[in-house]
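Student: quick check, what structure comes out for this input:
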Amino acid sequence: MARIDSNRTVNSVRNSLTGFLQKIVGLLLPFAVRTVLIKKLGIEYLGLNSLFASILQVLSLSELGFAAAIIFNLYKPIAEDDKDKICALLNAIKKIYRIVGLVILVAGLAIMPFIKYLISGGYPADVNLYILYAIFLLNTVISYFLYAHLGVVLNAYQRSDIENIVFLICNTILYGLQIVVLFVFPNYYLYIALLPLSTIALNVIRAIIVRKKYPDLKEKGKLDAETKKEIPKQIKAIIGHKLSGIIISSTDSIFISAFLGLQILAIYNNYFYIVSAIMAIVNILYSSITPSVGNSIISSDSEKMYKLFNNINFVNVWITGWCSICMFCLYQHFMQIWVGTEFMFSLLTVALLVIYFYTWKFREILNVYKDATGNWKIDFWRPYVVAVLNIALDFLLIHYIGVNGVLVATIVSFPVLSFPWEVAVSFKHIFKRSAKGYCLKMLLYSIAVVASGAATYFVCELLPSAGVGYFIAKCAICFTLPNLIFVATSFYLPEFKYASSKVKFLLSKFKKKRVVEEKEAASSEQ
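Tutor: Purely as a prediction, here's the structure:
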């Protein structure tokens with residue numbers, strides 16, 4: 001049976017590169033689809049997409065925790081090549097997924113009669129809400145009965161690059177067909193019907209690859225008593241952490257639809273689409289390094305573990321800060337080119353979206369360590385309290401400040417309540433040391449991000465906010481200026497030296513690989 005490669009850095013980078021490519025395509029092609037959908041059918045149809053996706057995301061809460069718990073329990077048997085344990089865990093997640101799929105199906109059908117009450121004002125007269133919702137529900141449920149559990153194998157073996165390539169191929173075909181349908185017919189039902197067909201193809205292709213690459217893995221056997229006892233505890237702890245993020249992002253859309261209507265929801269989701277796309281790209285870093293972090297925790301002492309945490313956290317804040325600056329400086333110019341001024345929000349909403357993104361992602365490495373160490377119980381009540389607070393603030397603030405209310409609700413919930421709580425428990429139970437040094441670093445990092453952002457915005461505003469040419473010029477400014485400031489303010493830090501050494505190592509690795517491939521190609525020609 002294949003083992004995880006000993007070089008964790010190469011694994012992480014391989015996963016990150018393919019994930020990055022998949023997410024870039026997953027950003028550009030859906031963007032094209034959204035554009036065609038708005039032009040051909042109207043912005044309200046985009047609002048329906050967002051509403052149904054949010055409802056089903058909430059329904060999918062019943063799955064949260066299972067996959068993460070199984071993946072965590074797979075690290076050790078994979079490292080030890082314990083085939084029986086791996087097969088038993090795979091059998092368990094297969095059974096669990098089928099139960100989850102049934103729960104989502106029943107819950108989805110139960111709320112179907114109430115769908116129309118979640119839309120304020122009207123909706124397109126030529127659509128049947130219930131038929132459309134049923135297609136979305138089918139698309140969500142079908143994976144749980146069709147090999148979705150095999151995705152756990154690729155994740156645990158640090159081969160998410162395979163998963164990324166499969167997603168890339170299937171989604172490229174899906175988006176291409178959707179664009180063709182919208183241009184040729186254009187019919188919203190045909191457009192939506194392509195979703196479950198793509199999901200079926202993706203799951204079948206992934207299953208074929210996993211069966212071929214890991215032929216020894218079969219869904220068979222039973223878990224030992226200790227694992228059976230431990231997994232439910234882990235799931236119970238994990239589900240709250242996953243629930244908090246899903247509840248916050250999904251209920252925002254549901255509140256906007258119910259109180260402000262489909263058009264405002266569509267405009268909001270055009271803006272949030274950019275945020276979520278960038279989040280998805282940044283998430284590649286987290287998903288790629290989690291198995292490596294888990295592996296390093298097993299083989300390192302607490303001092304080395306904390307040093308690695310600081311190094312990874314530095315890279316994360318750099319990436320998150322740079323993305324935040326680019327968003328603030330480019331958002332409005334991009335939206336003007338894309339959808340026009342009639343479908344734009346104010347700069348205040350943009351600022352709130354950027355703060356939303358930064359406060360959500362700059363503390364994400366804490367969650368990576370929590371997932372990798374399996375310490376989900378240490379702040380069991382935090383995500384529930386945050387979710388309840390966010391929903392209450394959504395309901396209160398949306399009446400007074402509209403769309404900005406749902407953003408303010410999340411911003412208040414995370415920096416004010418969630419982040420201090422996360423830091424306190426993580427440093428007490430995982431790192432077993434004071435959090436003062438970390439908090440000071442995060443404050444200084446954030447000051448550097450704000451200062452860099454202000455300087456970059458000032459320079460960008462010297463150019464007109466119109467036309468593709470000026471937008472490209474602003475992109476060049478955003479690419480260079482913030483990173484130059486970050487280098488100038490952090491080159492002396494050990495975390496910066498760590499990051500630069502890793503970049504040099506990876507460049508040398510890929511250079512050597514290219515030289516070997518060229519030699520092999522030359523010898524084969526001879």
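
Student: what sits against the closest residue in space to Leu202 that isn't next to it in sequence?
Tutor: Leaving out its chain neighbours, the residue that sits closest to Leu202 by Cβ to Cβ, 6 or more residues apart in numbering is Cys170, at 4.3 Å. (Each C-beta comes from the backbone N, C-alpha and C, glycine too.) Cys170 makes contacts with 198, 201-202, 205, as judged by Cβ atoms under 8 Å, 6 or more residues apart in numbering.

Student: mind checking which helix or strand Cys170 is in?
Tutor: Using DSSP states H and E, Cys170 maps to helix 160-184.

Student: quick one: buried residues of that helix?
Tutor: Neighbour-count burial for helix 160-184 flags 160-168, 170-171, 173-175, 177-179, 181-182 (criterion: 16 or more other Cβ atoms under 10 Å).

Student: other residues contacting stretch 82-95?
Tutor: So stretch 82-95 is contacted by 1, 66-67, 70, 73-74, 76-78, 149-150, 152-153, 216-224, 227, 231 (Cβ under 8 Å, 6+ apart).

Student: quick one: average pLDDT of it?
Tutor: Throughout stretch 82-95, pLDDT has a mean value of 90.

Student: and what of stretch 468-488?
Tutor: pLDDT averaged over stretch 468-488 gives 95.

Student: my read is that Pro464 contacts Ala473, right?
Tutor: No. Look at Pro464 against Ala473 with Cβ atoms under 8 Å: they stay out of range, at 9.8 Å.

Student: looking at those two, which one has more neighbours?
Tutor: Ala473 (15 against 12; other Cβ atoms under 10 Å).

Student: isn't Ile284 right next to Lys23, touching?
Tutor: Yes. Counting by Cβ under 8 Å, Ile284 does reach Lys23; the two are 6.2 Å apart.

Student: got a list of what Ile391 touches?
Tutor: Contacts of Ile391 by Cβ under 8 Å, 6+ apart are 247, 251.

Student: per-residue confidence for it?
Tutor: On the pLDDT scale, Ile391 gets 90.

Student: ok, Leu27 next?
Tutor: Reading off the model, Leu27 has pLDDT 79.

Student: how about it: what's its closest non-neighbour residue?
Tutor: That would be Ala277: by Cβ to Cβ, 6+ apart, it lies 4.3 Å from Leu27.

Student: with Tyr130 instead?
Tutor: Closest to Tyr130 by Cβ to Cβ, 6+ apart is Met112, at 5.9 Å.

Student: can you report phi and psi for the one you found?
Tutor: Note on Met112: its backbone torsions stand at phi -50, psi -40 [degrees, to the nearest 10].

Student: my guess is it contacts Ala134, does it?
Tutor: Yes. If you go by Cβ under 8 Å, Met112 and Ala134 touch, sitting 7.4 Å apart.

Student: the residue nearest to Leu27: neighbour count?
Tutor: Residues near Ala277, counting by other Cβ under 10 Å: 17.

Student: now it: how far from Ile401?
Tutor: 25 Å (Cβ to Cβ, to the nearest Å).

Student: list the buried ones in stretch 438-446?
Tutor: 438, 441-442, 445-446.

Student: strands - which of those residues land there?
Tutor: Using DSSP state E, the subset of these located in strands is empty.

Student: contacts only, for Lys361.
Tutor: Contacts of Lys361 (Cβ under 8 Å, 6+ apart): 279, 282, 316, 320, 323.

Student: can you spell out which helices and strands pack onto the one helix or strand Lys236 maps to?
Tutor: In the assignment (DSSP H and E), Lys236 maps to helix 225-260. Judged by 3 or more Cβ pairs under 8 Å, 6 or more residues apart in numbering; DSSP states H and E, the packing partners of helix 225-260 are helix 43-59, helix 66-80, helix 83-111, helix 262-299, helix 382-401, helix 403-411.

Student: and the next helix or strand past the longest one?
Tutor: With elements assigned by DSSP H and E, the helix or strand that comes after helix 262-299 is helix 302-338.

Student: how close does the most centrally placed residue in the chain get to Val350?
Tutor: Central residue of the chain (Cα atoms, centre = their mean): Ala280, 3.8 Å from the mean position. Note on Ala280: its distance to Val350, by Cβ to Cβ, is 19 Å.

Student: thinking again about what came up before, of the contacts of Cys170, closest to Leu330?
Tutor: Distances from Leu330 to the contacts of Cys170, taken as Cβ to Cβ, are shortest for Ser198 (30.7 Å).

Student: list the contacts of that closest one.
Tutor: Here Ser198 is in contact with 170-171, 173-174 (Cβ under 8 Å, 6+ apart).

Student: ditto for Ala258
Tutor: 117-120.

Student: any chance of a ChimeraX selection covering the buried ones in these?
Tutor: This is the ChimeraX syntax for the buried subset of the contacts of Ala258, where burial follows 16+ other Cβ under 10 Å:
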select :118,119,120
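
Student: same list (the contacts of Ala258) but as a markdown table, adding distance to Val127.
Tutor: What follows is the contacts of Ala258, written out as a markdown table (distance: Cβ to Cβ, whole Å):
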| residue | distance to Val127 |
| --- | --- |
| Tyr117 | 16 |
| Leu118 | 15 |
| Ile119 | 11 |
| Ser120 | 17 |
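
Student: among the contacts of Ala258, which two are most distant?
Tutor: Using Cβ to Cβ, the contacts of Ala258 span at most 9.5 Å, a distance reached by Tyr117 and Ser120.

Student: that older thread, what's the pLDDT at the residue nearest to Leu202?
Tutor: 90.

Student: what about Leu46, how many neighbours?
Tutor: Quick note: Leu46 (other Cβ under 10 Å) scores 23 neighbours.

Student: name the nearest residue to it, ignoring sequence neighbours.
Tutor: Ala266 is the one closest to Leu46 (Cβ to Cβ, 6+ apart), at 4.2 Å.

Student: dump the residue contacts of that neighbour.
Tutor: Ala266 sits in contact with 38, 43-44, 46-47, 50, 343, where contact means Cβ under 8 Å, 6+ apart.
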